[in-house]
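S.K.: here you go, sequence then predicted model.
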Amino acid sequence: MTGSLVAMATASVLPHGAMTAKKKTHEKSIDDLSIDSDGDFKYEEDHLEGECSLTEGEEDPEAEVKADIQVRTNAPAPTRVNTENTRKPTTVLTFIRNYLSQMGMEKTLDCFQTEWTEVTEKGLVDPEQVSPVPDVYIENQHLENQLMNARREREEYRQAAAASAETLLRAQKLRDVHRLQHKRVVQEKNRLIEELRRLQLQCSNNTPAVLRMKEKCQVALKQVMQVASERDKALGQMDSQSPQGVGAEEPSIKQSAASLIQPRPPTGPGRQSKGRSVKPTTP
């Protein structure tokens, strides 16, 4: 396994070195082009300042500038340096330790540590010669960690959705209860409105009768006031007379005043007064 990992690491390193050399050559050519173009532009400025300095054997600077500009526009853009290649490679030992620790295999990790220590102490394996783990395994580990995080988040979202569903169900039940209460309150309000309208109509119908009763009460009060004034006049006249006549006629005046104030009961056709006596007729 160690030999295969070393071969894979060597194969992965060679293309990267070739690519780095190619990249450096390309950057050097771009720098040369930039230097040449700067000189051409400077030469063009000198050419604009004085055209008399040009000779017949020299090339046209305008054509060179156009050619340089065309080369620079057609040249590929420089690629960015991959930061992943600059990081320190992970060894197989570190990779195995991390994997066993993440999986919770503590006993296996202890056995591996013990056996690895024995092998290194015996000199069977040189720790410095252990090849690094290919980037594919590291990338797979990162993807697996992301997958585990995504599954954990999905479970949390599922639990939150279930709790939200229960909360929504309770809210719907409370909504139904409040809706029924609202309907009952509306029905009671409508009933009270109808009762109020009926009472208002009854009051409007009883208003004329109340006015008539009020008028009768006022007429009766006027009659009582008139009777009281007549009684006061009669008493005043009796006071102005002699004392003897007053003592004799006072009971009859009081009886007449009382008869005026209090109404007499109706008498039937066959009823006779108590004070009248019938005398027998003689033959």
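M.R.: Noted; the coordinates are in hand.

S.K.: which residues of the stretch 101-250 of the chain fall in helices?
M.R.: 106-122, 135-240, 243-261 (DSSP state H, counting those that start in this stretch).

S.K.: can I get the ones you listed in JSON lines including distance to L100 and mean pLDDT?
M.R.: Bear in mind the C-beta positions are built from the backbone N, C-alpha and C, glycine included. Shown next, in JSON lines, are those (distance: least, CB to CB, whole Å; pLDDT from 0 to 100):
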{"stretch": "helix 106-122", "distance to L100": "4", "mean pLDDT": "84"}
{"stretch": "helix 135-240", "distance to L100": "12", "mean pLDDT": "92"}
{"stretch": "helix 243-261", "distance to L100": "124", "mean pLDDT": "54"}
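
S.K.: closest one to T90 among those helices?
M.R.: Among these, helix 135-240 comes nearest to T90, with 6.0 Å by CB to CB.

S.K.: buried set for stretch 231-242?
M.R.: Within stretch 231-242, the residues scored as buried using 16 or more other CB atoms under 10 Å are R231, M238.

S.K.: redo the helices of the stretch 101-250 of the chain as TSV? Include distance to T90.
M.R.: Formatted as TSV, those follow (distance: least, CB to CB, whole Å):
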stretch	distance to T90
helix 106-122	16
helix 135-240	6
helix 243-261	128
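
S.K.: and those: which comes nearest E128?
M.R.: Comparing these by their distance to E128 (CB to CB), the top pick is helix 106-122, with 10.5 Å.

S.K.: contacts for the closest one?
M.R.: By CB atoms under 8 Å, 6 or more residues apart in numbering, the surrounding residues in contact with helix 106-122 are L93, I96, R97, L100, S101, V125, P127.

S.K.: filter the residues you listed to the buried ones?
M.R.: Neighbour counting with 16+ other CB under 10 Å marks L93, L100 as buried within the contacts of helix 106-122.

S.K.: nearest to Q172, of the contacts of helix 106-122?
M.R.: S101 (47.9 Å).

S.K.: list the contacts of that closest one.
M.R.: S101 makes contact with L109, according to CB under 8 Å, 6+ apart.

S.K.: need the pLDDT of it.
M.R.: Per-residue pLDDT puts S101 at 81.

S.K.: before we move on, back to that, quick one, which of the helices of the stretch 101-250 of the chain is nearest to A67?
M.R.: helix 135-240 (42.4 Å).

S.K.: what packs against the closest one?
M.R.: Contacts defined by 3 or more CB pairs under 8 Å, 6 or more residues apart in numbering; DSSP states H and E place helix 135-240 against helix 92-103, helix 243-261.

S.K.: between that helix and helix 92-103, how many degrees?
M.R.: 30 degrees (axes from the mean of the first three to the mean of the last three CA atoms, to 10 degrees).

S.K.: burial check on V133, number of neighbours?
M.R.: Number of residues near V133 (other CB atoms under 10 Å) recorded here: 20.

S.K.: tell me which of the contacts of helix 106-122 has the lowest pLDDT.
M.R.: Out of these, that is P127, at 70.

S.K.: spit out the contact partners of it.
M.R.: So P127 contacts L93, T120 (CB under 8 Å, 6+ apart).

S.K.: make it 10 Å
M.R.: Shown in contact with P127 (CB atoms under 10 Å, 6 or more residues apart in numbering): T91, L93, W116, V119, T120.

S.K.: ok, R179 next?
M.R.: By CB under 10 Å, 6+ apart, the contact set of R179 is empty.

S.K.: could you pull up phi and psi at M105?
M.R.: Taking degrees, to the nearest 10, you get phi -90, psi 70 for the backbone angles of M105.

S.K.: residues near it, how many?
M.R.: Look at M105: counted by other CB under 10 Å, it has 13 neighbours.

S.K.: what sits against it?
M.R.: By CB under 10 Å, 6+ apart, the residues touching M105 are Y99, C111, F112.

S.K.: let me have the residues you listed in JSON lines, extended by neighbour count and distance to N145.
M.R.: Shown next, in JSON lines, are the contacts of M105 (neighbours: other CB atoms under 10 Å; distance: CB to CB, whole Å):
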{"residue": "Y99", "neighbour count": "15", "distance to N145": "11"}
{"residue": "C111", "neighbour count": "12", "distance to N145": "25"}
{"residue": "F112", "neighbour count": "15", "distance to N145": "21"}
